[in-house]
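Trainee: Next input, structure requested:
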Amino acid sequence: AGLALAAPAPDARAQATDRPAHDERFALEATLATRLAYVSSGDFEVDRLAKAGLEGLTQALSFRTALSPGGPIAVDPSKDELAFFPLLYWPVTQDAAPLDAATRARVDAYMKQGGAILFDTRDAVSGEGGGAESAALKRLLEGLDIPALEPAPRDHVLTKAFYLLDAFPGRYDGSPLWVEALAAEDETEAADRPARAGDGVSPVLITGADFAGAWAVGADGRPLLPTSTDERQREMAYRVGVNIVMYTLTGNYKADQVHVPALLERLGQ
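Mentor: Predicted coordinates:
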């Protein structure tokens, strides 16, 4: 009887052998090419559209920039290594629950080590308390070390990381893109500075615009969902996606680059 109790159950044996194989396969897929990643929500339709959205954005990046990402990949923050990805797209479902302590620690470590997470509540269509005000998002973020946030200012590097932008539409328009708040500047210092400083990559970005819904394409490359206005809005949503990816990949380097004309003007005075 003692020997029978000591023998591992079939499920335990499978986990012991399959998990290392999964880890190795996941690491290879994540590192052989730059990939966009989304956090699996467990909701089939939400995850299907998140994957299709990142596939559409991957195609846009390949066509429009020097970056040629591999196919998007789903991640489970409770067990998968997140450090392989500079950006995670996290679709927030209405039944989102707080993370357990171990997962919360993994997500905090990812953000503090330079990773960025784009939380999308996909609820801007309601026009009432979505995005950063979402109750579901607040439950999900409970216990995480989140910095002070603000809607991306007009001079934020996100507005010029690749395209010039003055708004951040997705499938829905009008939702602000929340980012880490930049430190307040002394008025005298600000007046003497050619460009706003402190453009490090925000570890958290929040929207309610449903970016993946605007980017999502089917196997034939056609959009899967309509936008709230017209196809021009979809084009702008792709530009937002390209800027977000470039921002997370280039960080301060891109911020310095877009400020070069103002810096050169000051040097010539």
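Trainee: mind listing the helices for the stretch 151-269 of the chain?
Mentor: Under the criterion DSSP state H, counting those that start in this stretch, the stretch 151-269 of the chain contains helices at 187-191, 211-215, 231-250, 252-258, 260-268.
Trainee: Mind checking the pLDDT average for the last one?
Mentor: The average of the pLDDT scores along helix 260-268 is 55.
Trainee: what do you get for the first one?
Mentor: The average of the pLDDT scores along helix 187-191 is 44.
Trainee: got the buried residues for the helix or strand where residue 71 lies?
Mentor: Using DSSP states H and E, residue 71 falls within strand 70-75. Under the neighbour-count criterion of 16 or more other CB atoms under 10 Å, strand 70-75 has 72, 73, 75 buried. C-beta: built from backbone N, CA, C; applies to glycine.
Trainee: Then stretch 224-236?
Mentor: 224, 225, 227, 228, 233, 234, 236.
Trainee: Now do that stretch: everything it contacts.
Mentor: If you take CB atoms under 8 Å, 6 or more residues apart in numbering as the criterion, stretch 224-236 is touched by 49, 52, 125, 165, 167, 169, 171-173, 213-214, 216-218, 223, 237.
Trainee: can you check stretch 168-180 too?
Mentor: 120, 122, 124-125, 127, 130-132, 147-152, 156, 158, 167, 200, 202-214, 225-229, 233, 236-237, 240.
Trainee: In ChimeraX, select just the buried ones from those residues.
Mentor: In ChimeraX syntax, the buried subset of the contacts of stretch 168-180 is picked out as below (16+ other CB under 10 Å):
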select :120,122,124,125,130,131,132,151,152,156,158,167,202,203,204,205,206,207,208,209,210,211,212,213,214,225,227,228,233,236,237,240
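Trainee: Can you flag which of the contacts of stretch 168-180 belong to strands?
Mentor: 120, 149, 150, 151, 204, 205, 206, 207 (DSSP state E).
Trainee: Point out where the chain drops to low pLDDT.
Mentor: 1-22, 26-32, 126-129, 184-199, 252-269 (pLDDT under 70).
Trainee: The residue nearest in space to the middle of it in helix, strand or coil?
Mentor: Central residue of the chain (CA atoms, centre = their mean): residue 118, 2.9 Å from the mean position. Taking DSSP: H, G, I helix; E, B strand; the rest coil as the rule, one finds residue 118 in the strand state.
Trainee: And for it, nearest residue in space, chain neighbours not counted?
Mentor: Of all residues not flanking residue 118 in the chain, residue 205 sits nearest, at 4.5 Å (CB to CB, 6 or more residues apart in numbering).
Trainee: ok, now residue 142?
Mentor: Using CB to CB, 6+ apart, the closest residue to residue 142 is residue 98 (4.3 Å).
Trainee: pretty sure the one you found is touching residue 139, no?
Mentor: Yes. With contact defined as CB atoms under 8 Å, residue 98 reaches residue 139; the gap is 5.6 Å.
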